[in-house]
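Chemist: When you get a sec, could you give me coordinates for this:
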Amino acid sequence: MDQRVKPAPHEIRIARAENPKMRERDLAAQLGVSEAELVAAHIGEGVQRIEPRVNDMLVGLEAVGQVMALTRNESAVHEKIGIYEKIEPGEHATIALGEHIDLRVFPKIWAHGFAVEKRDGDDLKRSLQFFDDAGDAVHKVHLRPSSNLYAYQRLVGGLVSADQSPSVSLKGVTKAVAAVEEPGGSVEDLRDRWSRMTDVHQFFGILKKLRLSRIQAVRMVGDDYAWRLSGESLAAMFQLAATGGTPIMCFVGNRGCIQIHSGPVSNIKMMGPWLNVMDETFHLHLRTDHVTELWAVRKPTKDGHVTSIEAYDANNELIIQFFGKRHEGEVELEEWRFLAENLPRIPVPTAA
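Modeler: Numbering: from 1, shown residues only. Predicted structure coming up:
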């Protein structure tokens, strides 16, 4: 366990000045602080603390116009350029259903917010940055040249916090490894409930009822519903989708936000372990070396079965998930189903 004494805010600012090109997340890790603490240390120097009133912020963002929305976890960064629109606020869950910015938001997780101005040469970059109670990034909004600066400043002015101290109070959330203990339900019960699904969202209720983690259920259910894919299948899926023009849905999430891309992908680039999508309104950066298990998963619905591709990390946590593009009430795209069912598989050992 790291017993280092955390640097004071002025020490963090010095380290930032000495490492101007280093990414905030990397510098925070190097200093032994959370990213929220790194940002908070600069309050009064281009940073203002704002209240994490999620629903007010999301509704107010529509007037700001085109921006870039960013959601990430430890292994994937999902960036979408568009407008925050069609917001459906809720106490426990809020939805943004814009053409490009499509979010599932869990407001109670958003604990700290900041409006950030950062000089980049002659440009002044502006963003809203939100973090959970462990100081990890939940969601960020980056302004673009076409953004309405007046609407942005009015939005920030309405959210500014009375507390402008250069520190944050963290709860130190323990990131537990996903459950791998003895499953709470039998294979027979899981398969029975799985076979009777009429909506993919019923899956979460099955996991709760049988006291199973997602990865446990996928491993248990049998290869007619879930089959293990080889490591190269992830890059192959992107290349085949790009070549064939198959529109996909790409989900990246953390505790407080899930961000979704729906549409084609075209410009795929590998850079070391990073798989990158560099399209006009969608950027994805995925650490393929963090993927320890890759699965294709088939779930029944009232519209026929739906196939997903799911990548898990060494902690049995879901990194990223893909579907063929579809809406409620539509059957799955045949080209997506064919693609998913023909990716290279690896055999799953059976119990003796």
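Chemist: Not counting sequence-adjacent ones, nearest residue to residue 233?
Modeler: Counting by CB to CB, 6 or more residues apart in numbering, residue 343 is the residue found nearest to residue 233 once chain neighbours are left out, at 4.1 Å. Glycine gets a C-beta too; all of them are placed from N, C-alpha and C.
Chemist: Got the confidence number for that neighbour?
Modeler: On pLDDT, residue 343 comes in at 97.
Chemist: and it, what is it in contact with?
Modeler: Residues counted as contacts of residue 343 (CB atoms under 8 Å, 6 or more residues apart in numbering) are 229, 230, 233, 236, 237, 296, 309.
Chemist: which element follows the helix or strand harbouring the last one toward the C-terminus?
Modeler: Following DSSP states H and E, the helix or strand that holds residue 309 is strand 306-312. Sequence-wise, the next helix or strand downstream of strand 306-312 (DSSP H and E) is strand 318-324.
Chemist: Partner strands of that following strand, with direction?
Modeler: Partners of strand 318-324 in the sheet, by DSSP bridges, are strand 248-253 (antiparallel), strand 306-312 (antiparallel).
Chemist: Go through the ones you listed and name the closest to residue 50.
Modeler: Proximity to residue 50 (CB to CB) singles out strand 248-253 among those, at 22.6 Å.
Chemist: Pull the residues that contact the closest one.
Modeler: 71-73, 76-78, 104, 241, 258-265, 282, 284, 318-326, 336.
Chemist: Rounded mean pLDDT for the strand holding residue 309, please.
Modeler: Strand 306-312 comes out at a mean pLDDT of 98.
Chemist: Kindly report the same for stretch 127-138.
Modeler: Regarding stretch 127-138, the rounded mean pLDDT is 97.
Chemist: Sketch out the low-pLDDT regions of the stretch 1-150 of the chain for me.
Modeler: 1-4 (pLDDT under 70).
Chemist: Would you map the strands across it?
Modeler: Secondary structure of the stretch 1-150 of the chain (DSSP state E, counting those that start in this stretch): strands located at 47-50, 67-72, 76-82, 87-88, 94-97, 102-105, 112-120, 123-131, 137-143.
Chemist: by contact count, what packs against the fifth one?
Modeler: Under the contact criterion of 3 or more CB pairs under 8 Å, 6 or more residues apart in numbering; DSSP states H and E, strand 94-97 touches helix 54-61, strand 87-88, strand 102-105.
Chemist: Please list all residues in contact with the nearest residue to residue 291 once chain neighbours are set aside.
Modeler: In space, and not counting its chain neighbours, residue 291 is closest to residue 311: 4.5 Å by CB to CB, 6+ apart. By CB under 8 Å, 6+ apart, residue 311 lies in contact with 234, 286, 291, 293, 294, 318, 319, 320, 321.
Chemist: Could you tell me which of those residues count as buried?
Modeler: 234, 286, 291, 293, 294, 318, 319, 320, 321 (16 or more other CB atoms under 10 Å).
Chemist: So what sits opposite the residue nearest to residue 291 in the bridge?
Modeler: Judged by DSSP bridges, the bridge partners of residue 311 are residue 294, residue 320.
Chemist: Please determine how far it is located from residue 326.
Modeler: Distance from residue 311 to residue 326, counting by CB to CB, to the nearest Å: 20 Å.
Chemist: Touching, residue 106 and residue 95? I think so.
Modeler: No. In this structure, residue 106 is not within contact of residue 95 by CB atoms under 8 Å, at 10.8 Å.
Chemist: Please say which of these two ends up with more neighbours.
Modeler: Just comparing residue 106 and residue 95: by other CB atoms under 10 Å the higher neighbour count belongs to residue 106, 19 against 14.
Chemist: picking that back up, the residue nearest to residue 291 and residue 73, how far apart?
Modeler: 11 Å.
Chemist: what do those two both touch?
Modeler: Residues touching both residue 311 and residue 73 by CB under 8 Å, 6+ apart: residue 319.
Chemist: List phi and psi for residue 157.
Modeler: When read as degrees, to the nearest 10, the backbone of residue 157 gives phi -60, psi -30.
Chemist: can you count the residues close to it?
Modeler: 11.
Chemist: need the strands of the stretch 1-150 of the chain in a markdown table with distance to residue 59, can you?
Modeler: Putting the strands of the stretch 1-150 of the chain into a markdown table (distance: least, CB to CB, whole Å) gives the following:
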| stretch | distance to residue 59 |
| --- | --- |
| strand 47-50 | 15 |
| strand 67-72 | 14 |
| strand 76-82 | 16 |
| strand 87-88 | 5 |
| strand 94-97 | 9 |
| strand 102-105 | 12 |
| strand 112-120 | 15 |
| strand 123-131 | 13 |
| strand 137-143 | 13 |
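Chemist: Kindly report the domain assignment for the protein.
Modeler: Taking automatic domain parsing as the criterion, the chain consists of the domains 9-84+110-159, 187-341.
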